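>>> Got a sequence here, can you build the structure:
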Amino acid sequence: MATPERTSGDPAAPFEPDGVEFRSVSPRLVTARLVSGGITVLLPVVAGAVLALAFSPWWWILAGVPAAIFLATAVVVPRQVRALGYAERDDDLLVRKGVLFRSLVVVPYGRMQYVDVEAGPLDRRLGIAKVQLHTAAAATDAVIPGLPPAEAERLRDRLSARGEARLAGL
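Numbers count the residues shown, from 1 in each chain. Have a look, this model is predicted:
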């Protein structure tokens, strides 16, 4: 099925350049973000429950508010992860993110200074890594979280090689 022609009035036009196919990140990023959020919420929920049982039922608010926020987050995070994507073009890398507040970052290979690959303990356990591109201007730095380690390594090597080639004027 052919995609319909987009017009300049189309709100998706700046975030979906013609002829660009974005690659998705690993769905395991959802698990990583939910585990991190759950750990953050755990202390206030447990403290609120203990205080409510020991003193007054009003302390359930301390437990309920963070729990409700976590439940809302559990609904939003999968959609946010599905919205993450990246595309390699001849001269630049595109990184898109966001559902409500969308963003498309274009990083020219010639502007890259270095590329980081990071993975914390939870990321390593889930088999994902984060690639971060650094440029001279902090506003054009880009992060691609949730990549399988082999893809993160491949992307790091490829981006570094392309950045060096562009800096050398090749």
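>>> Could you list the residues in contact with stretch 127-147?
With contact meaning Cβ atoms under 8 Å, 6 or more residues apart in numbering, stretch 127-147 is reached by 25-26, 28-29, 32, 81, 84, 86, 93, 95, 105-107, 111-119, 123, 148-149, 152, 155-156, 159. All C-beta spots, glycine's among them, are computed from the backbone N, C-alpha and C.
>>> can I assume residue 17 sits in a strand?
No: with DSSP: H, G, I helix; E, B strand; the rest coil as the criterion, residue 17 is located in coil rather than a strand.
>>> Which stretches in this structure count as strands?
For the chain, the strands defined by DSSP state E cover 23-24, 85-88, 92-97, 103-108, 112-118, 129-135, 142-147.
>>> in the protein, which ranges drop under the pLDDT threshold?
Along the chain, segments meeting pLDDT under 70 span 1-13, 140, 166-170.
>>> The protein: helices as residue ranges?
For the chain, the helices defined by DSSP state H cover 28-54, 60-83, 121-126, 149-167.
>>> With mean neighbour count and distance to residue 100 as extra columns, can I get the ones you listed in CSV?
Output for the helices of the chain, formatted as CSV (neighbours: other Cβ atoms under 10 Å; distance: least, Cβ to Cβ, whole Å):
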stretch, mean neighbour count, distance to residue 100
helix 28-54, 15, 16
helix 60-83, 15, 9
helix 121-126, 14, 25
helix 149-167, 16, 27
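>>> Quick one: these as JSON lines, columns for distance to residue 138 too.
Shown next, in JSON lines, are these (distance: least, Cβ to Cβ, whole Å):
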{"stretch": "helix 28-54", "distance to residue 138": "24"}
{"stretch": "helix 60-83", "distance to residue 138": "23"}
{"stretch": "helix 121-126", "distance to residue 138": "23"}
{"stretch": "helix 149-167", "distance to residue 138": "17"}
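>>> Tell me which of these approaches residue 16 most closely.
helix 60-83 (11.6 Å; Cβ to Cβ).
>>> what's next to the closest one, contact-wise?
Under the criterion Cβ under 8 Å, 6+ apart, residues 24-25, 27, 29-30, 33-34, 37-38, 41, 44-49, 51-52, 96-99, 102, 146 lie in contact with helix 60-83.
>>> Tell me which residue lies nearest the centroid of this protein.
A centroid search over the chain (Cα atoms, centre = their mean) returns residue 145, at 4.7 Å, as the residue closest to the centre.
>>> Now do the contacts for the residue lying farthest from the centre of the chain.
Relative to the C-alpha centroid of the chain, counting by Cα atoms, centre = their mean, residue 55 is the outermost residue, at 41.7 Å. By Cβ under 8 Å, 6+ apart, the contact list for residue 55 is empty.
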